[in-house]
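Colleague: Okay, here's the prediction I keep looking at, along with the sequence it came from:
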Amino acid sequence: MDLSPPHHELLDEDIVGRWWRSASPKDRAALRMYFGEAIFFERILSSHIADLPPGSTIVDIGSGIGLLSHLLSSRGVHVVMFEPEGEGFGRMRRLFELVSSAWAGPKTSLETRWEAFSPSSLHHRPVDLIFALNVIEHVPEPARMVAQATDLLKPSGTGRFVCPNYLFPYEPHYGIPTLWSKRATRVVFGKAIDSKALGLWDDLSWPTAGKLSRSLTAIGIKHELGREVFDAYLRRLKDPYFLERKGGLFQAVANAEPVVRRATDLIPTKALPIVDLTTRSGAS
(Lines give C-alpha, C1' and ligand atoms only; values in the text may rest on other atoms or scores of the structure.)
Protein backbone atom coordinates (compact mmCIF):
# COMPACT_ATOMS: atom_id res chain seq x y z
CA MET A 1 0.00 0.00 0.00
CA ASP A 2 1.16 3.53 -0.79
CA LEU A 3 1.92 5.16 2.59
CA SER A 4 2.47 8.65 1.18
CA PRO A 5 -0.24 11.29 1.73
CA PRO A 6 -2.84 11.80 -1.00
CA HIS A 7 -2.22 14.85 -3.15
CA HIS A 8 -4.35 17.19 -5.18
CA GLU A 9 -3.11 20.18 -7.16
CA LEU A 10 -5.50 22.49 -5.27
CA LEU A 11 -4.17 21.51 -1.83
CA ASP A 12 -0.90 22.66 -0.28
CA GLU A 13 1.30 19.56 -0.35
CA ASP A 14 3.49 20.71 2.57
CA ILE A 15 0.52 21.26 4.90
CA VAL A 16 -0.98 17.88 4.05
CA GLY A 17 2.44 16.23 4.42
CA ARG A 18 3.05 17.69 7.88
CA TRP A 19 -0.36 16.57 9.05
CA TRP A 20 0.21 13.11 7.58
CA ARG A 21 3.47 12.57 9.45
CA SER A 22 1.84 13.22 12.83
CA ALA A 23 -1.54 11.56 12.14
CA SER A 24 -2.69 8.21 13.50
CA PRO A 25 -3.02 5.26 11.09
CA LYS A 26 -6.82 5.47 11.37
CA ASP A 27 -6.85 9.17 10.51
CA ARG A 28 -4.53 8.54 7.58
CA ALA A 29 -6.80 5.79 6.28
CA ALA A 30 -9.83 8.03 6.71
CA LEU A 31 -8.18 10.87 4.80
CA ARG A 32 -7.31 8.55 1.92
CA MET A 33 -10.85 7.18 1.80
CA TYR A 34 -12.63 10.55 1.91
CA PHE A 35 -10.11 12.04 -0.49
CA GLY A 36 -10.79 9.30 -3.03
CA GLU A 37 -14.56 9.65 -2.64
CA ALA A 38 -14.42 13.42 -3.16
CA ILE A 39 -12.41 13.11 -6.37
CA PHE A 40 -14.71 10.34 -7.61
CA PHE A 41 -17.93 12.26 -6.98
CA GLU A 42 -16.56 15.53 -8.33
CA ARG A 43 -16.49 13.83 -11.72
CA ILE A 44 -20.07 12.60 -11.24
CA LEU A 45 -21.37 16.07 -10.38
CA SER A 46 -19.36 17.96 -12.99
CA SER A 47 -22.15 17.91 -15.56
CA HIS A 48 -24.56 19.52 -13.08
CA ILE A 49 -22.08 22.28 -12.19
CA ALA A 50 -21.03 23.09 -15.74
CA ASP A 51 -24.26 24.86 -16.70
CA LEU A 52 -24.82 26.77 -13.45
CA PRO A 53 -24.28 30.55 -13.48
CA PRO A 54 -21.78 32.07 -11.02
CA GLY A 55 -23.20 32.49 -7.54
CA SER A 56 -25.61 29.57 -7.82
CA THR A 57 -26.46 27.84 -4.55
CA ILE A 58 -25.60 24.19 -3.97
CA VAL A 59 -26.42 22.14 -0.89
CA ASP A 60 -24.15 19.26 0.12
CA ILE A 61 -25.94 16.97 2.58
CA GLY A 62 -23.36 14.95 4.49
CA SER A 63 -20.36 16.97 3.35
CA GLY A 64 -17.81 14.98 5.36
CA ILE A 65 -14.32 16.47 5.26
CA GLY A 66 -15.47 19.22 2.88
CA LEU A 67 -13.09 18.50 0.02
CA LEU A 68 -15.86 17.92 -2.51
CA SER A 69 -17.58 21.15 -1.45
CA HIS A 70 -14.30 23.05 -1.82
CA LEU A 71 -13.73 21.60 -5.29
CA LEU A 72 -17.24 22.45 -6.46
CA SER A 73 -17.27 25.93 -4.93
CA SER A 74 -13.97 26.74 -6.65
CA ARG A 75 -15.99 26.80 -9.88
CA GLY A 76 -17.83 29.92 -8.73
CA VAL A 77 -20.81 28.54 -6.83
CA HIS A 78 -21.89 28.95 -3.20
CA VAL A 79 -22.03 25.68 -1.25
CA VAL A 80 -24.03 25.14 1.93
CA MET A 81 -22.57 22.12 3.75
CA PHE A 82 -24.44 19.98 6.26
CA GLU A 83 -22.44 17.51 8.34
CA PRO A 84 -23.98 16.17 11.57
CA GLU A 85 -20.72 14.54 12.69
CA GLY A 86 -22.65 11.80 14.45
CA GLU A 87 -21.48 8.51 15.90
CA GLY A 88 -18.91 6.90 13.64
CA PHE A 89 -17.93 10.24 12.08
CA GLY A 90 -15.98 11.82 14.96
CA ARG A 91 -12.89 12.71 12.95
CA MET A 92 -14.77 14.71 10.29
CA ARG A 93 -14.19 18.11 11.82
CA ARG A 94 -10.41 17.84 12.14
CA LEU A 95 -10.12 16.49 8.60
CA PHE A 96 -12.29 19.38 7.43
CA GLU A 97 -9.94 21.79 9.21
CA LEU A 98 -7.01 20.16 7.41
CA VAL A 99 -8.67 20.60 4.01
CA SER A 100 -9.58 24.22 4.80
CA SER A 101 -6.05 25.11 5.94
CA ALA A 102 -4.43 23.32 2.99
CA TRP A 103 -6.74 24.75 0.33
CA ALA A 104 -4.64 26.53 -2.30
CA GLY A 105 -7.14 26.74 -5.13
CA PRO A 106 -9.47 29.49 -6.35
CA LYS A 107 -11.54 31.42 -3.83
CA THR A 108 -14.46 29.45 -2.43
CA SER A 109 -17.82 30.47 -0.99
CA LEU A 110 -18.72 27.97 1.73
CA GLU A 111 -21.31 27.92 4.49
CA THR A 112 -20.65 25.15 7.01
CA ARG A 113 -23.42 23.72 9.19
CA TRP A 114 -22.26 21.15 11.76
CA GLU A 115 -25.77 19.77 12.08
CA ALA A 116 -28.18 17.39 10.41
CA PHE A 117 -29.82 18.60 7.23
CA SER A 118 -32.97 20.62 7.88
CA PRO A 119 -34.89 22.43 5.12
CA SER A 120 -36.08 25.08 7.57
CA SER A 121 -32.51 26.16 8.33
CA LEU A 122 -32.19 27.36 4.74
CA HIS A 123 -35.12 29.78 5.24
CA HIS A 124 -36.69 28.84 1.89
CA ARG A 125 -33.54 29.87 0.05
CA PRO A 126 -33.84 28.68 -3.61
CA VAL A 127 -31.35 25.96 -4.49
CA ASP A 128 -29.89 25.08 -7.90
CA LEU A 129 -28.42 21.71 -6.97
CA ILE A 130 -28.79 19.57 -3.86
CA PHE A 131 -27.10 16.25 -3.33
CA ALA A 132 -26.51 13.53 -0.75
CA LEU A 133 -23.86 10.93 -1.52
CA ASN A 134 -23.94 7.76 0.56
CA VAL A 135 -26.00 9.56 3.18
CA ILE A 136 -29.68 8.66 2.93
CA GLU A 137 -29.08 5.07 4.05
CA HIS A 138 -28.17 6.59 7.44
CA VAL A 139 -31.49 8.42 8.01
CA PRO A 140 -34.72 6.81 9.26
CA GLU A 141 -36.87 7.89 6.30
CA PRO A 142 -34.74 8.20 3.15
CA ALA A 143 -37.63 9.06 0.82
CA ARG A 144 -38.76 11.83 3.15
CA MET A 145 -35.28 13.40 3.11
CA VAL A 146 -35.16 13.20 -0.68
CA ALA A 147 -38.59 14.84 -0.92
CA GLN A 148 -37.66 17.61 1.54
CA ALA A 149 -34.45 18.30 -0.35
CA THR A 150 -36.20 18.33 -3.74
CA ASP A 151 -38.80 20.78 -2.48
CA LEU A 152 -36.00 23.34 -2.01
CA LEU A 153 -35.06 23.34 -5.69
CA LYS A 154 -35.61 26.16 -8.11
CA PRO A 155 -37.86 25.30 -11.10
CA SER A 156 -34.75 24.32 -13.07
CA GLY A 157 -32.97 22.70 -10.13
CA THR A 158 -31.69 19.15 -9.73
CA GLY A 159 -31.33 16.73 -6.85
CA ARG A 160 -28.83 13.87 -6.90
CA PHE A 161 -28.88 11.06 -4.34
CA VAL A 162 -26.57 8.05 -4.27
CA CYS A 163 -26.70 5.19 -1.79
CA PRO A 164 -26.37 1.40 -1.60
CA ASN A 165 -29.33 -0.57 -2.94
CA TYR A 166 -30.29 -3.05 -0.24
CA LEU A 167 -32.16 -5.17 -2.75
CA PHE A 168 -28.66 -6.30 -3.74
CA PRO A 169 -27.41 -8.83 -1.13
CA TYR A 170 -24.33 -6.97 0.10
CA GLU A 171 -23.76 -4.43 2.88
CA PRO A 172 -20.87 -2.15 1.78
CA HIS A 173 -20.07 -0.51 5.13
CA TYR A 174 -19.44 -3.86 6.81
CA GLY A 175 -18.49 -5.88 3.75
CA ILE A 176 -20.94 -8.69 4.53
CA PRO A 177 -23.70 -10.48 2.61
CA THR A 178 -27.25 -9.48 3.48
CA LEU A 179 -30.27 -11.69 3.93
CA TRP A 180 -33.94 -10.87 3.40
CA SER A 181 -34.03 -8.29 6.20
CA LYS A 182 -31.78 -6.18 8.41
CA ARG A 183 -32.85 -8.18 11.47
CA ALA A 184 -32.02 -11.55 9.87
CA THR A 185 -28.67 -10.22 8.67
CA ARG A 186 -27.87 -9.07 12.20
CA VAL A 187 -28.71 -12.49 13.65
CA VAL A 188 -26.48 -14.38 11.23
CA PHE A 189 -23.59 -11.92 10.89
CA GLY A 190 -23.66 -10.25 14.30
CA LYS A 191 -20.10 -11.23 15.15
CA ALA A 192 -18.73 -9.72 11.94
CA ILE A 193 -20.80 -6.56 12.48
CA ASP A 194 -19.58 -6.11 16.06
CA SER A 195 -15.97 -6.76 15.10
CA LYS A 196 -15.98 -3.74 12.78
CA ALA A 197 -16.91 -1.39 15.64
CA LEU A 198 -18.15 1.25 13.18
CA GLY A 199 -21.12 2.37 15.24
CA LEU A 200 -23.30 2.61 12.12
CA TRP A 201 -25.48 -0.48 12.16
CA ASP A 202 -28.43 0.92 14.11
CA ASP A 203 -28.62 3.95 11.79
CA LEU A 204 -28.86 1.97 8.55
CA SER A 205 -32.34 2.31 7.06
CA TRP A 206 -31.95 -0.38 4.36
CA PRO A 207 -33.27 1.61 1.35
CA THR A 208 -33.93 -0.03 -1.99
CA ALA A 209 -34.28 1.62 -5.38
CA GLY A 210 -37.78 0.24 -5.83
CA LYS A 211 -39.01 1.40 -2.43
CA LEU A 212 -37.60 4.90 -2.94
CA SER A 213 -39.13 5.17 -6.40
CA ARG A 214 -42.56 4.03 -5.21
CA SER A 215 -42.52 6.45 -2.27
CA LEU A 216 -41.49 9.41 -4.44
CA THR A 217 -44.08 8.56 -7.09
CA ALA A 218 -46.79 8.45 -4.43
CA ILE A 219 -46.03 12.02 -3.34
CA GLY A 220 -45.52 13.40 -6.85
CA ILE A 221 -41.74 13.88 -6.94
CA LYS A 222 -40.31 13.74 -10.46
CA HIS A 223 -37.37 11.36 -10.49
CA GLU A 224 -35.39 8.86 -12.48
CA LEU A 225 -32.98 6.04 -11.66
CA GLY A 226 -29.72 5.91 -13.59
CA ARG A 227 -26.60 3.81 -13.89
CA GLU A 228 -23.89 6.45 -14.30
CA VAL A 229 -22.52 5.97 -10.77
CA PHE A 230 -22.55 2.18 -11.03
CA ASP A 231 -20.67 2.31 -14.35
CA ALA A 232 -18.17 4.74 -12.81
CA TYR A 233 -17.61 2.33 -9.91
CA LEU A 234 -16.88 -0.44 -12.41
CA ARG A 235 -14.19 1.75 -13.96
CA ARG A 236 -12.88 2.39 -10.45
CA LEU A 237 -12.01 -1.29 -10.15
CA LYS A 238 -8.76 -0.40 -11.89
CA ASP A 239 -7.71 1.67 -8.84
CA PRO A 240 -5.37 -0.47 -6.67
CA TYR A 241 -6.04 1.50 -3.49
CA PHE A 242 -9.81 1.26 -3.93
CA LEU A 243 -9.51 -2.51 -4.33
CA GLU A 244 -7.26 -2.83 -1.31
CA ARG A 245 -9.70 -0.87 0.82
CA LYS A 246 -12.73 -2.81 -0.38
CA GLY A 247 -11.25 -6.29 -0.06
CA GLY A 248 -11.49 -9.68 -1.71
CA LEU A 249 -14.99 -9.52 -3.16
CA PHE A 250 -14.20 -6.40 -5.15
CA GLN A 251 -10.89 -7.91 -6.27
CA ALA A 252 -12.80 -10.91 -7.60
CA VAL A 253 -15.20 -8.61 -9.44
CA ALA A 254 -12.25 -6.65 -10.85
CA ASN A 255 -10.70 -9.86 -12.18
CA ALA A 256 -13.94 -10.63 -13.99
CA GLU A 257 -14.78 -7.02 -14.89
CA PRO A 258 -15.51 -7.55 -18.63
CA VAL A 259 -17.93 -10.38 -17.82
CA VAL A 260 -19.51 -8.41 -14.97
CA ARG A 261 -19.98 -5.38 -17.21
CA ARG A 262 -21.74 -7.38 -19.91
CA ALA A 263 -23.94 -9.11 -17.33
CA THR A 264 -24.93 -5.94 -15.50
CA ASP A 265 -25.83 -4.19 -18.75
CA LEU A 266 -28.85 -6.50 -18.74
CA ILE A 267 -29.87 -5.70 -15.16
CA PRO A 268 -32.59 -3.05 -14.65
CA THR A 269 -31.54 0.02 -12.70
CA LYS A 270 -33.78 -0.95 -9.78
CA ALA A 271 -31.67 -4.07 -9.22
CA LEU A 272 -28.19 -2.55 -9.48
CA PRO A 273 -26.06 -2.50 -6.30
CA ILE A 274 -26.13 1.31 -6.24
CA VAL A 275 -29.12 3.65 -6.17
CA ASP A 276 -28.39 6.58 -8.49
CA LEU A 277 -31.41 8.84 -8.11
CA THR A 278 -31.98 12.17 -9.82
CA THR A 279 -34.93 14.35 -8.86
CA ARG A 280 -36.40 17.50 -10.39
CA SER A 281 -38.51 20.28 -9.01
CA GLY A 282 -42.25 20.30 -9.74
CA ALA A 283 -44.95 17.67 -9.63
CA SER A 284 -44.75 14.51 -11.73
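Modeller: Cool, the structure landed.
Colleague: where are the low-confidence patches of the protein?
Modeller: Applying pLDDT under 70 to the chain flags the ranges 1-3, 85-90, 241-261, 263, 282-284.
Colleague: mind listing the strands for it?
Modeller: In the chain, the strands defined using DSSP state E lie at 57-61, 78-82, 109-113, 127-133, 153-164, 170-171, 176-177, 221-225, 274-283.
Colleague: Buried deepest among those, which one?
Modeller: strand 57-61 (a mean of 25; mean count of other C-beta atoms under 10 Å). The way it works is simple: take the backbone N, C-alpha and C, and place the C-beta from them, glycine included.
Colleague: and it, what does it pack onto?
Modeller: helix 67-73, strand 78-82, strand 127-133, helix 142-150 (3 or more C-beta pairs under 8 Å, 6 or more residues apart in numbering; DSSP states H and E).
Colleague: can the strands of the chain go into TSV with extra columns for distance to H8?
Modeller: Converted to TSV, the strands of the chain look like this (distance: least, C-beta to C-beta, whole Å):
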stretch	distance to H8
strand 57-61	18
strand 78-82	17
strand 109-113	17
strand 127-133	18
strand 153-164	21
strand 170-171	30
strand 176-177	32
strand 221-225	31
strand 274-283	25
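Colleague: residue contacts, the residue nearest to T108 when sequence neighbours are not counted?
Modeller: Once flanking residues are discounted, T108 sits nearest to S73: 3.9 Å by C-beta to C-beta, 6 or more residues apart in numbering. S73 is in contact with 58, 79, 108-110, counting by C-beta atoms under 8 Å, 6 or more residues apart in numbering.
Colleague: where does S46 sit relative to A232, distance-wise?
Modeller: Here the criterion is C-beta to C-beta, to the nearest Å. By it, S46 lies 11 Å from A232.
Colleague: For the two, work out which one has more neighbours and name it.
Modeller: More neighbours surround A232 than the other of S46 and A232, with 15 against 12 (other C-beta atoms under 10 Å).
Colleague: my guess is that one contacts F40, does it?
Modeller: Yes. Using C-beta atoms under 8 Å, A232 is in contact with F40, at 7.0 Å.
Colleague: Now D12, what are its backbone angles?
Modeller: Reported as degrees, to the nearest 10, the phi and psi values for D12 are phi -70, psi 110.
Colleague: Pull the contacting residues for it.
Modeller: By C-beta under 8 Å, 6+ apart, the residues touching D12 are 101-104.
Colleague: mind giving me TSV with the contacts of S73 and columns for distance to T208?
Modeller: Formatted as TSV, the contacts of S73 follow (distance: C-beta to C-beta, whole Å):
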residue	distance to T208
I58	27
V79	30
T108	36
S109	36
L110	33
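Colleague: And the furthest pair within those residues?
Modeller: I58 and T108 (11.5 Å; C-beta to C-beta).
Colleague: Which neighbours do these two have in common?
Modeller: Common contacts of I58 and T108 (C-beta under 8 Å, 6+ apart): 69, 73, 79.
Colleague: ok, the second one to L67 distance?
Modeller: This means S73. From S73 over to L67 the distance is 11 Å, taken as C-beta to C-beta.
Colleague: coming back round to it: tell me which of the strands of the chain lies nearest to I15.
Modeller: strand 109-113 (17.8 Å).
Colleague: How about the contacts made by the residue lying closest to S109 once chain neighbours are set aside?
Modeller: Distances taken as C-beta to C-beta, 6+ apart place H78 nearest to S109, at 4.3 Å, with adjacent residues excluded. Contact partners of H78, counting by C-beta under 8 Å, 6+ apart, are 55-58, 109-111.
Colleague: again, 7 Å this time
Modeller: 55, 57-58, 109 (C-beta atoms under 7 Å, 6 or more residues apart in numbering).
Colleague: For F117, state which of those residues is nearest.
Modeller: I58 (13.3 Å).
Colleague: and the closest one, what are its bridge partners?
Modeller: Taking DSSP bridges, one finds V79, L129 as the beta-bridge partners of I58.
Colleague: so it touches R75, yeah?
Modeller: No. Taking contacts as C-beta atoms under 7 Å, I58 lies outside contact range of R75: 9.8 Å.
Colleague: what's across from the spatially most central residue of the chain in the sheet?
Modeller: For the chain, L133 is the residue whose C-alpha lies nearest the centre (C-alpha atoms, centre = their mean; 2.4 Å). Using DSSP bridges, the bridge partners assigned to L133 are V162.
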